[in-house]
Structures are given as C-alpha cells and as structure tokens.
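Enquirer: Would you be able to build a 3D model of this:
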Amino acid sequence: MKKLGLATVMAILGALLIVTVAWAAFTNGDFETGDFTGWSITTFLNNGYTQPPGSGGTNLSAIVGGPAVDPLSISDPNTNGVVKYPAFGHYSARVNSELSYYDGGYPANANTISQTTTAVIDPLDGKSHVRFTYAAVMVNPAFPHTDEEKPYFRVKVTNLSKGNDVIYDFSSYVGEPGKNWQTGPSFGTIAGDVWQYLDWTYVDLASSALHPVDAGDSILLEITAAGCQPTGHPGYVYVDEFTDGDILGPSILATGPATGVSGGPITYTYIYKNGTGIAINPHIVIYPPANVTFTTLGDPAHCSGLNPVTCDYTGVAAGGTGSFTVSGTIGSVPAGTLIAHGDYSISVTNFPTMGGPTVFTQIPAANLGLSASGAATVKPDDQYTYTFNYTTDAPITNAQVSFTLPGHTTFVSNTGGYTCTPVASLVTCNLGAVSANGSFNVTVQVDKLKKVNTPLTLNAAAYAINATGAITTNGSTTVTANTITPFADVPYGHWALDYIQSIWAYGITGGCINSPLTYCPNIAITRAEMAVYIERGVHGGSFNPGTPTLTYTDTTTNFARYFIEALKADGITGGCGGTQYCPNYPITRAQSAVFLLRGRSGSAYVPPDPTGTVWVDVPSTHWAARWAEELGTDHISVGCGGGYFCPEGIVSRAEMAVLVQRTFNLPMPTP
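Expert: Sure, this is the predicted structure:
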C-alpha cells in the first residue's frame, strides 16, 4: 500500500478539523489518542444474542496501530491479509479478540465499549446520525448454530433523554444474509470451521419519526463483539471513525424499496461521498443480491457490467457527493422472501475499501384463503366428498392444506394430482408451489355407526392452508351434512332404527334387499335368518362358516344352510325334530330366548331355576321359563308390554335387532 504524502496528510487533517468544528463529534471517535480515552469498557459472557449478559468475562479489547503506523499497513492474518488496519489515521479499536473461545482461554467472552455524547441534528435532513466503520472477523461454525448462538457484532444507540428510547439496535452476525462474507483460513481442528470476515463497512444510523432525537439529547452508544454462545468460536470487530458527521474517508450508501413483488422490477440508488478532504477517483463495485438480476444501468457513462456492476468516477472534490441507480428484476421467489443487498463497496487509493449497510426488501407474505363445500346430506356407509378452494395473491411454495377428519370418517382419496397423507385423524395435502387460485377434492368414507339425524361437520377451524413465509390461515366455511337413514323402510324416528343400524354396522345383517338398502323391520324373522344372526353375534360380523357337510334334510337349498350347520356344531340348536331344522318357520319369543342365551354364554349354559314371578304369562313350569326370565333380568327384553313376555309370539326382524344388539352388547350409533 502506498504511504500518504505530506500534502495528502495535511489535507486530511484539515478536513478532520472542519468536521470537528461542524459537528459535536464523539470523544476520541477515531481513537487517535492511542487509547480508549472517552470510552468505557465492560465485560460479560455471551448467553445468546437476545439473552441477558452473563456475569464475568475479560477485557480483550485493544487499540491497534501506533504513532508511526501508516493507515492500512497492518494485515489481519485471520482474513488472509485482506482486512488491513488502521482504517484511518494511526489507530483503530478492536473490540474483543481471537481468544474469545474455550481453547483461547476465554469461552463465550464478550466486550462492550460505550460512550455518552450529546446529539446534534444534520441540517441537510433534520436527523441525528451515528456514522462509523467496522470490519468483522469471526469464525463460522461447521456445526449449525442459530443466529442466536453465533459470534456477533452489535451497535446499540439509546436516547437517555427520551426515557431510554432505543433508537437503533444494529447487529451483524457471522454469515449475515446479503453481506459480502469472505472466507479466510481454517480454524482449529474441526473440519469446516473457518474464519470469515467483512472488509471495512460504512454504517449510517439515523433517527426517525418513531424514535425522534432533539439537539442536545444525551445519547448512549454501545459497541459489542462476542464469541459464540456454545463457547467454541471466537469473534471480534475492528471499529473506527465514530462521528455525528462524515467519516474521514470515502463512503457509499445504498437505498432500495422496503417491499417488492416476485417477478417485478427493483431499483437501487447508490450515494457516494468524499469525506477525505482531497479530490478522489472512486471505484465502485456492486454485486446483485440473491434472487435479483441486474438489467439496466442508470449511469452508463461511468458504469459497466451487470454482475458485477463497476463504476468509476474521477475528480470528486472534497466533501463532494454523487448518486446513480441500478435496476433489475426480482426472480420468482416465494412470498415472505427477504432480499438482502449488502455486497457493494467503494475504494480509493490510500483508503480502506468501504462497504455499505445492507438494504432489505421484503416480498410480502401471501394472503391465503381456504374454503370448503360439500353435499347437504350423507348416509352411513356412504362416501362423502369435500371440495377445497384455495386462494393466494402471490406465488407460494411448500403449500399445504391440512384438515382433521370429522368423526366417523376415514380418508379415501383426493384429486388434483397432489399427495394427501392421513396420519391418525389428520390429513395433510402437499400442494407444493402454487401461483394461482385452485381447488381439489378429498373423498372420505363415512362409517356405518354415524348416528342418523346428526350432522357430519367439518368446522372452519378444523382445516387450514399454510406455505413458506405465509401465515397459516384457517378455513372460512363450516361444512355440515345431515346424516339420513341408510334404510329405505326404516325412517328417522323408527323405534328400532339405532338397533338395526348397530347390527348392520357389525355385519350381522345386510338387510333384506340390497338396492335400495331395505331391512323389512316388520317381517317375522325366520329360523334360517336367526342362525345367521346368532352365529355372527358369536363369532363376529365377518364370520364365514365355510361349507360343512349338511345334516339337515330340509336345508339343502336354503341360503343359510352352512350357518345352520355352524349353529348346530356350536350346540345352540338341535333342529325342530328328526333331521329337520324348519328353516323357513318363524321363531317364537321363547325359542329366541334359548338361541340368544346359548349364543352368548355357550351351549352348556343353563340359566338359574325360574321363579315364575318375572313375567305374568310365563309360569315356572313353562319349558322356556328359565330362559325367558334370564332375558328379562339381564335387561335384554322388556317383554311384549304390561309385564307379559308373550312366549309364543312371533319375533319380527326389528325386535330381533334389539335382542341381538343387547345380547352381544354391540356398539350403538353415535353422533
């Protein structure tokens, strides 16, 4: 690096005097006293960026340079010699050091230098400013650390005169998006741990309407550097030229829109300033941020290229400023993307290359909408289809629609080419990248035990849409379908509907006609049908008796012949006499008592001796007295009315549904 000539040095010192007169500069803001005069130093342990400081720590900060040291004549080895200091004059300050980790002897060490000064107002914009430069040198861990855990640099400015109002809280952690982090040498013995650094960067922090500052307000400035919170990685920062006015060197500042649109235009304005006190020929280099393509140069006479853009100006007078624009296009990015632009710099011979503060442009999170619809009615054992309609006002990625299945339903399928995955009662449909409104269907199976005349409800709060960078949005409509009877001849309100639905759901009966589903509740149940009911009650609704040898001479063509043989094998029946079963005969209430109780308790079961006091019309001498009484005392039958059992009465299919459900304690329909 060429040393400064006498004329240059005198010009710079003259400029510094002008700055001192015009502004209430920070005491020793350039550290040219060669020590920390005007500054206080505190130490602590890093418990995490947002956590209260831990007690302890060691002062590892230092003034670097010397009375005979030229600017930019010392190289930092942890940056492969790229970062040079002092930045201006003979001295810079280093906050913390490379020893701020466990093997360095100072794990998670952190230092803060601070100063209280009196605010002045820049007449050009009516704001109070804190301007400074820094060069960060930190280790980027190979093992993932959260931003909370990484080594960091922080500047905090507090207006003590306005109730300790925090005016700025600026931080820069290793790997910060949009910054030109460069890689230095390896660190330590863990593969992948490397030093990273930012060359000298200019920062201009200004007051705002939200955080106003008046001339004369007492302002506290705090600069912090910390090793990582898990204690294994150091971090330190060089700082120089703290001022209310202009830094004593070239600077560049970018501005850009606070928000943008995916696929839309974007323009950055770059303002360069000569604070050196002499005429300069600045060279400016600008790299487009991630997700942005530069297309148009606002000053093609001085600028060329698009990645990077390079601009060269000559003869910029002391105190002179200028500006130009670079425009481009934002790529197709998800809603919620934050575009960070900080990879730009200005360089002038004999001064440090100076970057500028990061400009952030937010692609607003998409506004999502989701509604659902479906038919007004549904039957138990039917399929039901929900139509989900989703809306978005911006492209989104990783979009998902999820919903909790209503009770009595299971997932069957979906349309739309998406993958819908049920886990327990939650179904998640992965829509992926979505750029426009759309819809898809989801079909569910309603089980047989959904109670008639109760709603099948998908509440608005039970389904939602979410995507990367977007706020999860619940459904806007509640979908309700009334459950109607599945039987053509058993309407809602029928006294035996729930019992018929119960034995149908269990698989004991398929009704008497398939289409439309009909039960024939008022028809007398036959002995053949009774065999099916009892055997499935005993062995389960899916029971298949196989094809045993037929022993009854009157069942060879009967639909229930094999169930009848199974009933005989289980010892529940011996037929109606000889080799006959009488399959088409109706069954009496007395006979049903025997069938039911032997089916429930086994062929050897014999109820207690009868008392003759349970039923008016069943004396203790009746052949089925003990069976009839057991049916009553076990609350399986309430008789035929008025305390009578009607033992010789014929049992209807509706009555048998009640008796079978109660005997085998089968599940009843529920809402």
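Enquirer: Now residue 221: phi and psi?
Expert: Torsion angles at residue 221 (phi, psi; degrees, to the nearest 10) stand at phi -110, psi 130.
Enquirer: That one and residue 114 touch, don't they?
Expert: Yes: if you go by C-beta atoms under 8 Å, residue 221 and residue 114 touch, sitting 6.3 Å apart. Glycine gets a C-beta too; all of them are placed from N, C-alpha and C.
Enquirer: Could you confirm residue 532 falls within a strand?
Expert: No: checked against DSSP: H, G, I helix; E, B strand; the rest coil, residue 532 lies outside a strand; its state is helix.
Enquirer: how about the strands in the stretch 451-600 of the chain?
Expert: Along the stretch 451-600 of the chain, the segments classed as strands by DSSP state E, counting those that start in this stretch run 455-458, 463-466, 473-474, 479-483.
Enquirer: For the third one, give me every contacting residue.
Expert: Contacts made with strand 473-474 from outside it, assessed by C-beta atoms under 8 Å, 6 or more residues apart in numbering, are listed as 368-370, 460-461, 463-466.
Enquirer: List the neighbouring strands of that strand plus their orientation.
Expert: strand 463-466 (antiparallel) (DSSP bridges).
Enquirer: Please save the CA atoms from the partner strand in PDB.
Expert: The C-alpha coordinates for strand 463-466 follow below in PDB (Å, rounded to 0.1, in the frame of the first residue of the first chain):
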ATOM      1  CA  TYR A 463     -58.800 -27.200   8.200                       C
ATOM      2  CA  ALA A 464     -56.100 -24.700   7.200                       C
ATOM      3  CA  ILE A 465     -53.600 -23.700   4.500                       C
ATOM      4  CA  ASN A 466     -50.000 -22.800   5.100                       C
END
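Enquirer: The chain should start at 14 in everything you say after this.
Expert: Sure, I'll start counting at 14 from here, so that last one is strand 476-479.
Enquirer: Please work out which residues outside it touch it.
Expert: Residues outside strand 476-479 that contact it (C-beta under 8 Å, 6+ apart) are 381-383, 385, 401, 403, 412-417, 485-488.
Enquirer: coming back round to it: of residue 234 and residue 127, give the one with the bigger neighbour count.
Expert: Per other C-beta atoms under 10 Å, whichever of residue 234 and residue 127 has more neighbours is residue 234, with 22 against 15.
Enquirer: tell me which element residue 123 falls in.
Expert: Secondary structure from DSSP states H and E places residue 123 in strand 122-131.
Enquirer: And that strand, what does it pack against?
Expert: Packing partners of strand 122-131 (3 or more C-beta pairs under 8 Å, 6 or more residues apart in numbering; DSSP states H and E): strand 53-58, strand 104-108, strand 231-239.
Enquirer: Can you point out the buried residues in it?
Expert: For strand 122-131, burial by neighbour count (16 or more other C-beta atoms under 10 Å) applies to 122-126, 128, 130.
Enquirer: out of those residues, what pair is the most spread apart?
Expert: Put simply, by C-beta to C-beta the two of the buried residues of strand 122-131 set farthest apart are 122 and 130, 26.7 Å from each other.
Enquirer: what about the chain, any weak spots by pLDDT?
Expert: Filtered on pLDDT under 70, the chain yields the residue ranges 14-38.
Enquirer: so how many other residues sit close to the nearest residue to residue 245 once chain neighbours are set aside?
Expert: Leaving out its chain neighbours, the residue that sits closest to residue 245 by C-beta to C-beta, 6 or more residues apart in numbering is residue 114, at 5.6 Å. A count of nearby residues for residue 114, using other C-beta under 10 Å, gives 23.
Enquirer: Let me see the ranges of the strands in the stretch 14-163 of the chain.
Expert: Going by DSSP E, counting those that start in this stretch, the stretch 14-163 of the chain shows strands at 53-58, 75-78, 87-88, 97-98, 104-108, 122-131, 142-153.
Enquirer: Now tabulate these in JSON lines and tack on distance to residue 468.
Expert: Listed next are those as JSON lines, based on distance: least, C-beta to C-beta, whole Å:
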{"stretch": "strand 53-58", "distance to residue 468": "60"}
{"stretch": "strand 75-78", "distance to residue 468": "74"}
{"stretch": "strand 87-88", "distance to residue 468": "76"}
{"stretch": "strand 97-98", "distance to residue 468": "74"}
{"stretch": "strand 104-108", "distance to residue 468": "66"}
{"stretch": "strand 122-131", "distance to residue 468": "61"}
{"stretch": "strand 142-153", "distance to residue 468": "57"}
